[in-house]
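> Sequence isn't available, so here's the structure alone:
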């Protein structure tokens, strides 16, 4: 739900931030790249939502003790790993664009000040590392659990009568 809602509001995010949170402060300033809709990030978000739906279906199948839950989890994990790597790359590229944008932006722009602070690059690096660990942990667990531990249909538990 969060991914779908986030995807739906992305085209309106910049104007919402200017109107609600910056009311008058940044009205005359440009927004940084993350607040401007981008076809690549929208497509990536759409793939993420589809993968989340696949994970939901796989989870329901496992709860119902259906053997199809195992291969669905494996498919979801094999999709999640490249999606996470692509997402980390997109985020890194966006951070680079933010820094370049901030150097050319109006010095009074409140968004530009955020990207020019000394701790911004350290925070960005920590965020990427944290995102990578979180984003890869569960798919790797799924690959180990459903690929090495629960290998047969009977490993999924007793089927309901």
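Great, that's in hand. Worth saying up front: this structure is predicted, and the values here are computed from it rather than measured.

> For residue 4, grab the count of nearby residues.
Residue 4 has 14 neighbours, counted by other C-beta atoms under 10 Å. From N, CA and C alone the C-beta is placed, and that goes for glycine too.

> Any idea which residue is closest to the centre of this protein?
residue 87 (6.2 Å; C-alpha atoms, centre = their mean).

> Now do the same contact list for residue 135.
80, 84, 87-88 (C-beta atoms under 8 Å, 6 or more residues apart in numbering).

> Look up the pLDDT of it for me, please.
You'll see residue 135 listed with a pLDDT of 93.

> could you pull out the strands for the protein?
Secondary structure of the chain, counting by DSSP state E: no strands present.

> Which residue ranges of it form helices?
2-16, 39-63, 69-104, 110-116, 120-144 (DSSP state H).

> for these, which one sits closest to residue 151?
Taking C-beta to C-beta, helix 69-104 is the member of those nearest to residue 151, at 8.1 Å.

> Mind giving me the packing neighbours of the closest one?
Where contact means 3 or more C-beta pairs under 8 Å, 6 or more residues apart in numbering; DSSP states H and E, helix 69-104 is packed against helix 39-63, helix 110-116, helix 120-144.

> May I see the buried residues of it?
By 16 or more other C-beta atoms under 10 Å, the buried positions in helix 69-104 come out as 69-70, 72-77, 79-80, 83-84, 87-88, 91, 94-95, 97-99, 101-102.

> Need phi/psi at residue 68.
Backbone torsions for residue 68, taken as degrees, to the nearest 10, come to phi -60, psi -20.

> that older thread, pick out the shakiest of the helices and strands packed on helix 69-104, pLDDT-wise.
helix 110-116 (a mean of 73).

> Tell me the spacing between residue 8 and residue 49.
10 Å (C-beta to C-beta, to the nearest Å).

> The two - which one has more neighbours?
residue 49 (18 against 11).

> ok, that one touching residue 3?
Yes - assessed by C-beta atoms under 8 Å, residue 49 is found in contact with residue 3 at 4.5 Å.

> who touches residue 103 in this structure?
Residue 103 sits in contact with residue 116, where contact means C-beta under 8 Å, 6+ apart.
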